[in-house]
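In: Let me see the structure of the following:
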Amino acid sequence: MPLDVMILAILFVYGTIIGSFLNVVILRTPLKEQIVKGRSHCMSCGHTLAWYDLFPILSWITLRGKCRYCKVSISGRYALVELLGGVAFALSFWTFGLTIPLAFAIVLFPVLICASFFDIDTGEIEYWCPITIASLGVVALTLTLMGATDTMTWYEHLIGAVIVSVPFAVLAFFGAMGGADVQLMAASGLLLGWNIVPAAFIGIFLGAIVGVFIKIFRNPTPQKVYEGEEETAHDVKGTVMRFGPCLSVGIGVSYLYGEQIIEWYLKLMRFA
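Out: Below is the predicted model:
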């Protein structure tokens, strides 16, 4: 087996294992539960899962999406998160090889996956998500100043942090998006530089598509939820626009292929 294929396979498997851990983070963080401590258990019957129940993707397939003990259906989202982790790591190696950008990707993509599902589940993105990405940006900026990388200049990192986040902040001021979305784009811009521009366009495009589907299929009657003594009306879960996942897809695609997208667009403009 060629070495590259072997490394690709190893990183895919490693990515699915990380994805399995991300499921724990995504599930337990909003519930304020311990992430590192405590054995994995069925959320329906509470039975502690054995080691053979925890193989990423394979366990869900072999158990046909049901708990081994209580037979209650297990959401396919668990396998999806594991698959996303594996594909993200494999694509990163395929694109960058064994380089510094691959090391960044191994941190970036799990954070983007968590941010997406936090937003889907709770409508909020945990603060540590943009903070972690911003930390990657600071490291990338430092390496650029040291001359360890030559992918972009130091000021391109700084431009990336503001070129999209500033107009997004204006939109957030008028309620068009959340403040966490702005933080996510500012942090990612520090890492991606100019490549944050196609990320924004991809995110907006996906958001428009999702928004149309929500407009068509949303429940016209808000679901009443009692909060203390006040009665408030919220949209039924799944019918509210979550922009975080769309932006995360854009950030991920642009981290991998942002330069190619920009070059393709500039060539297109020359022939227009």
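In: Buried ones in stretch 6-14, by neighbour count?
Out: Within stretch 6-14, the residues that count as buried by 16 or more other CB atoms under 10 Å are 8, 11-14. All C-beta spots, glycine's among them, are computed from the backbone N, C-alpha and C.
In: One more: stretch 168-177?
Out: Taking 16+ other CB under 10 Å as the criterion, stretch 168-177 shows 168-169, 172, 177 as buried.
In: so of those, which ones are in helices?
Out: Judged by DSSP state H, helices contain the following of these: 168-169, 172.
In: In TSV, list these along with distance to Glu263 and pLDDT.
Out: Formatted as TSV, those follow (distance: CB to CB, whole Å; pLDDT from 0 to 100):
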residue	distance to Glu263	pLDDT
Phe168	24	93
Ala169	28	93
Ala172	31	89
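In: since we're on the nearest residue to Gly65 once chain neighbours are set aside, how many residues are nearby?
Out: Leaving aside its chain neighbours, Gly65 sits nearest to Ile74 (5.3 Å; criterion: CB to CB, 6 or more residues apart in numbering). Using other CB atoms under 10 Å, Ile74 has 19 other residues around it.
In: Tell me which residues touch Ile74, please.
Out: Counting by CB atoms under 8 Å, 6 or more residues apart in numbering, Ile74 touches 60, 63, 65-67.
In: let's see 10 Å
Out: Shown in contact with Ile74 (CB atoms under 10 Å, 6 or more residues apart in numbering): 42-44, 53, 59-60, 63-68.
In: same check, this time on Gln34
Out: 24, 28.
In: Over to Gly258?
Out: Going by CB under 10 Å, 6+ apart, Gly258 touches 160, 192-199, 202, 250-251.
In: which of these sit farthest apart?
Out: Of all pairs drawn from these, the one with the longest distance (CB to CB) is Gly193 and Ile202, at 16.0 Å.
In: In the stretch 101-250 of the chain, where is pLDDT below threshold?
Out: For the stretch 101-250 of the chain, the stretches with pLDDT under 70 are 219-240.
In: repeat that with 80
Out: 150, 176, 217-241 (pLDDT under 80).
In: mind listing the strands for the protein?
Out: For the chain, strands defined by DSSP state E occupy the ranges 223-227, 230-234.
In: Compare Gly193 and Ile202 and say which is more crowded by neighbours.
Out: Between Gly193 and Ile202, Gly193 has the larger neighbour count (other CB under 10 Å), namely 26 against 20.
In: which residue packs closest to the spatially most central residue of the chain, ignoring adjacent ones?
Out: When CA atoms, centre = their mean is applied to the chain, the residue found nearest the centroid is Leu112 (2.3 Å). Of all residues not flanking Leu112 in the chain, Ser248 sits nearest, at 4.2 Å (CB to CB, 6+ apart).
In: Next, count neighbours for the one you found.
Out: Ser248: 28 neighbours (other CB under 10 Å).
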